[in-house]
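[1] sequence? don't have it. structure:
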């Protein structure tokens, strides 16, 4: 039961001593029962509330009611009791807060013997994984990685790569041009890059020879989406320029890269081709890693190589001297330097590597499909 202060019968020192002793005993008993912040607030209000607290009653029933000749002595005693009450209430508050902190820590304590919560961790997309693996092969050969803008000018995408003005690739049926570009000069018109080759020109314009770079990135062409085409796809290109680089260097580099990526048993073959920015140009084929170059898989015809035993992987060639003319001012004099370039589709390589027949499966974000390659 909460303590209630009563008015003393008289204000003699002995009477006040007895009443003060009773008050302090009640204060100590109630303080000892405080175990949390809610109980402390109730305890504090009972003793220190302005209207009906014990200290307020002490001031009314003792100090104000005391006769004039005893007010000084009673006032001194009241101040002493107030000091004790305030100190006791503060100590009770500290104990309550400490008890609450201990309870919270007890609830938050971690049992290290329990099994942990395993968070699901994502994995690389198969095309990203394929790109990173191929780029790693060329990084081991000393190539650095370069990137460039996906929105390019006609100059970097076509003109500086030896595409003549009437080349079919400049037609809007093949290339995605940005709107409202007709008023600009042709070389300044903006488009979505159709290959990562513009990065080759940008890199040579800022870096002096020798240079060895590999360029991964997204490219865009106006192709309807089907099992083998997409308006957005991924390329990996490479460029090496130095003095006395030959076609033999190109063949050796790509033969090593294909063996490092597909396995040491794979064979490579080159056949003539044409690209505006390389001369001579070639297509690289690798022996089918499913049928081993036989053209048949067991008793069935091999589908990836179409029974030929070879799979086309990339285009390559020696950098055309006309391309070097655009960066001749930065040390790329075609009379003094030579180089080779190559470009491959990361999407196509991923199709071959994982045995997937429909390119669109990579872009439909079906986790059930993508989880197979994690």
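    That came through fine. Here the structure is a predicted model, which is why all the values come from computation and not from measurement.
[2] drop to CA atoms for contacts and neighbour counts, all remaining ones
    Fine.
[3] could you chop the protein up by domain?
    By the assignment in automatic domain parsing, the chain contains the domains 13-108, 126-373.
[4] how long is the last one from one end to the other?
    Same thing as domain 126-373. Its start and end residues considered, domain 126-373 measures 6 Å (CA to CA, to the nearest Å).
[5] show the average pLDDT along that domain.
    Averaged over domain 126-373, pLDDT sits at 90.
[6] how distant is it from the center of its chain?
    Relative to its parent chain, domain 126-373 has a centroid offset of 27 Å by CA atoms, centre = their mean, to the nearest Å.
[7] quick check: residue 280 is in a strand.
    Yes. Counting by DSSP: H, G, I helix; E, B strand; the rest coil, residue 280 falls inside a strand.
[8] ok, it touching residue 274?
    Yes. Residue 280 lies in contact with residue 274 (CA atoms under 8 Å); the separation is 7.5 Å.
[9] so those two - more neighbours on which side?
    residue 280 (17 against 14; other CA atoms under 10 Å).
[10] what about the more buried one, distance to residue 243?
    Shown here: residue 280 relative to residue 243, a distance of 17 Å by CA to CA.
[11] same deal with residue 223?
    For residue 223, the distance to residue 243 - CA to CA - is 39 Å.
[12] now render the domains of the chain as CSV, adding distance to residue 4.
    Listed next are the domains of the chain as CSV, based on distance: least, CA to CA, whole Å:
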stretch, distance to residue 4
domain 13-108, 7
domain 126-373, 72
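[13] just name the most buried of the ones you listed.
    domain 126-373 (a mean of 18; mean count of other CA atoms under 10 Å).
[14] could you pull out the helices for the stretch 201-350 of the chain?
    Assigned by DSSP state H, counting those that start in this stretch, the stretch 201-350 of the chain shows helices spanning 247-262, 321-325, 346-354.
[15] closest one to residue 112 among those helices?
    helix 346-354 (41.3 Å; CA to CA).
[16] on that earlier part again, can you redo the helices of the stretch 201-350 of the chain as TSV with distance to residue 374?
    Shown next, in TSV, are these (distance: least, CA to CA, whole Å):
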stretch	distance to residue 374
helix 247-262	18
helix 321-325	41
helix 346-354	12
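[17] out of these, which is closest to residue 187?
    Residue 187 lies closest to helix 321-325 among those, at 15.4 Å (CA to CA).
[18] which residues touch the closest one?
    160-162, 277, 332-334 (CA atoms under 8 Å, 6 or more residues apart in numbering).
[19] before we move on, what about stretch 78-98?
    With CA under 8 Å, 6+ apart, stretch 78-98 has contacts from 20, 24, 27-28, 31-32, 34-37, 40, 43-44, 47-48, 55, 58-59, 62-63.
[20] so where's the longest helix in this protein?
    Looking across the chain with DSSP state H, the single longest helix is helix 71-108.
[21] and it, how far out from the chain middle?
    On CA atoms, centre = their mean, the centre of helix 71-108 falls 52 Å from the chain's centre.
[22] you'd agree residue 259 is up against residue 253?
    No. Counting by CA under 8 Å, residue 259 stays clear of residue 253, with 10.2 Å between them.
[23] enumerate every residue touching residue 192.
    Taking CA under 8 Å, 6+ apart, one finds 150-152, 175-178, 219-221 in contact with residue 192.
[24] relative to residue 156, how far out is it?
    Distance, residue 192 to residue 156, using CA to CA: 11 Å.
[25] sorry, back to before: how about the contacts of residue 192, which pair is most distant?
    Spatial extent of those (CA to CA) is set by the pair 178 and 219 at 14.4 Å.
[26] from residue 122, how far off is residue 373?
    From residue 373 to residue 122 the distance is 11 Å (CA to CA).
[27] mind checking pLDDT for residue 123?
    pLDDT, residue 123: 83.
[28] just the element for it, please.
    Per DSSP states H and E, residue 123 falls between elements, in no helix or strand.
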